[in-house]
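>>> Based on what follows, work out the 3D shape:
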Amino acid sequence: MVTVSGANDELAEAAIKACPFSDPEEIRQLKFRDSPFFFTLMTGRHIGIHRPDQSTCNWTARILTREKRYRQKCLGPAMDLGRGFVPYELAIRRAFDWFNQSEISNISSEARMVGRTTSLSICPIGRVYTVGHALKDYTDWTRISRSEGGHYNNLVLINHHIVPHFSMVRLEDFSARHLASLAQQILDTPPKHGFQPYENRPVNKPLTVDEVRKRKRTFNSLVSILRMAFQHAWNNGEVTSERPWKSLKRIAVIHKPRTVFLSRPECNRLIEHCTPALKKLVLAGLYSGCRVGELGRLRVEDVGTQVFGIRVEANKRNPPRFVFLPDEGMAFFLECCEGKSPSDLVLRSDKGKQWKRQHTGLFKRAASMAGLPDGFVFHGLRHTYASDLVRSGVSLEVVAKQLGHANTITVSNTYGHLSEEFRENQIRQRFSKLSDEQAEKAAQLTDKLNDIWQACKPEDWRDYGTIEAESSTPSKSFTQTDRLVLETFRRSGP
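As a prediction, this is how the structure comes out:
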């Protein structure tokens, strides 16, 4: 198998193995078209097949230039049409030889490996036990003890924020000063969206309350990772001092409720712009509040057999659960099950495959065409489901059980503010009469009271009853954060 040298060998080789053009039968089944079929080997680096007619079928390499233009090169015939052909491995070698030519590399955009991070970006060596050693031992443990998603999120945070600056620090020497340095680095790093590269924020530009809040949450996540790694090293006898992990203190932060969810008219607009298979997946999410992975694994035997709802498999190391459905939701799922055997998947993609991550691009396009809020992703349907229940007066305990949460804390922090509208309705409708005289005056002022009620409604219904925080720090906190860390965040903004 072809290999690519560098720090990301594993990802590069995985991309080469995953290319469908490695199978000659896949190439033969390609339809004729003027433009080539391309597969991404790295960001801005592609291998393709150009098959415009019966007499032509060639390997094609493509790079993305710094001016965001493509440049292509023919690598030889991909099928034996009487003139011989170039095998897949040789085509890959020719492609990377072309990518690495000075003339091409000088005009090419930055190449980054495509795929999920699978390990730390360092391999710590030496007898001195460093922060890097502790993180390596810890992530080796989380690989088997945590969910795949939780382990991956840890790796991404560690590789970006910790490895470049602190991996070589002797663990015994780690102190609150290093923690303050970590806080400053996080404050100087804007959020990363999708595959956009990380960039430093402009110097001396103050951060907003929301920006500081988000960076505090990132800081707290990293503190939790470091604390677990350092305690793991302490338990294994790698350090003799408790100071490294006892110096790790989280910082108090005001939680901001979730507000990116849809109204019913917005849901209908989204559904109108979905492909047939995506439409079913979206409806399933809106009726059940399930994650896309849970819906992708749902089988016919899980629908309406034990309860009036669906059975969801264990996920993220949580036990299986039942999700009860409304009547129209049950009717929808039963329709999706018609003509299938008990072991069949209830939902499949437009290509007949199990839903995994291929919904992302389709959903983004549908959301854009529907004019939905920026940044709305499929997981927002889960928030839409929960917010609708809360606004309708369903108890937080019931909502938590439907979503698969162990308690109501997450639901209360995320959706509790939505109960403001329900609380308003309950007070107006259920307050027992106290004074006949005032009740009569209220009846006379019905039109005025309704005008006041209408005037209080914001243009965006998501903003009803919200109070913008003037600071990211709560008024009371029992968190004993180090003074250096507190000063670092206070200098950055509110």
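
>>> Report whether the expected contact of Ile47 with Pro36 is present.
No. When contacts are counted by Cβ atoms under 8 Å, Ile47 is not listed as touching Pro36 (9.6 Å). All C-beta atoms are positioned from the backbone trio N, CA, C, and that covers glycine.

>>> between the two, what contacts are shared?
Common contact partners of Ile47 and Pro36 (Cβ atoms under 8 Å, 6 or more residues apart in numbering): Thr60, Arg62.

>>> out of these two, which sits in the busier spot?
Ile47 (26 against 20; other Cβ atoms under 10 Å).

>>> what's whatever helix or strand that one lives in packed up against?
Ile47 belongs to strand 45-53 when assigned by DSSP states H and E. Packing partners of strand 45-53 (3 or more Cβ pairs under 8 Å, 6 or more residues apart in numbering; DSSP states H and E): strand 37-43, strand 56-64, helix 88-99.

>>> And the contacts of that strand?
Residues outside strand 45-53 that contact it (Cβ under 8 Å, 6+ apart): 19, 21, 27, 30-41, 56-64, 72, 74, 78, 91-92, 95, 99, 108, 111.

>>> got the buried residues for that strand?
Arg45, His46, Ile47, Gly48, Ile49, His50, Arg51 (16 or more other Cβ atoms under 10 Å).

>>> which of these lies closest to Ile310?
His46 (40.3 Å; Cβ to Cβ).

>>> Please determine how far that closest one is located from Asn106.
Distance, His46 to Asn106, by Cβ to Cβ, to the nearest Å: 19 Å.

>>> Check the separation of the first and last residues in stretch 18-27.
From its first residue to its last, stretch 18-27 covers 14 Å (Cα to Cα, to the nearest Å).

>>> residues touching the residue nearest to Tyr385 when sequence neighbours are not counted, list them.
Excluding the flanking residues, the one nearest Tyr385 by Cβ to Cβ, 6 or more residues apart in numbering is Gly289, at 3.4 Å. The contact partners of Gly289, by Cβ under 8 Å, 6+ apart, come to Val323, Leu381, Arg382, Tyr385, Ala386, Gln402, Leu403.

>>> which among the residues you listed gets closest to Val346?
For these, the residue nearest Val346 by Cβ to Cβ is Val323; the value is 13.0 Å.

>>> residues contacting that closest one?
Residues near Val323 by Cβ under 8 Å, 6+ apart: Ser288, Gly289, Cys290, Gly309, Ile310, Val312, Gln402.

>>> what domains does the record give for this protein?
Domain ranges of the chain: 9-113, 117-256+469-494, 264-422, per automatic domain parsing.

>>> which stretch among those comes nearest Gln429?
Nearest of these to Gln429, taken as Cβ to Cβ: domain 264-422 at 10.7 Å.

>>> where exactly do the strands run in the stretch 101-250 of the chain?
Counting by DSSP state E, counting those that start in this stretch, the stretch 101-250 of the chain has strands at residues 112-113.

>>> where's Arg71, which helix or strand?
For Arg71, the element it lies in under DSSP H and E is strand 70-77.

>>> Need the residues that contact that strand.
36, 48, 50, 57-65, 83-86, 90-91, 94-95, 98, 104, 107.

>>> 6 Å instead?
Here strand 70-77 makes contact (Cβ atoms under 6 Å, 6 or more residues apart in numbering) with 58-64, 83, 85-86, 91, 94, 98.

>>> got it, and stretch 230-240?
With Cβ under 6 Å, 6+ apart as the test, stretch 230-240 has contacts from Tyr129, Ala134, Tyr138, Leu171, Glu172, Pro244, Trp245.
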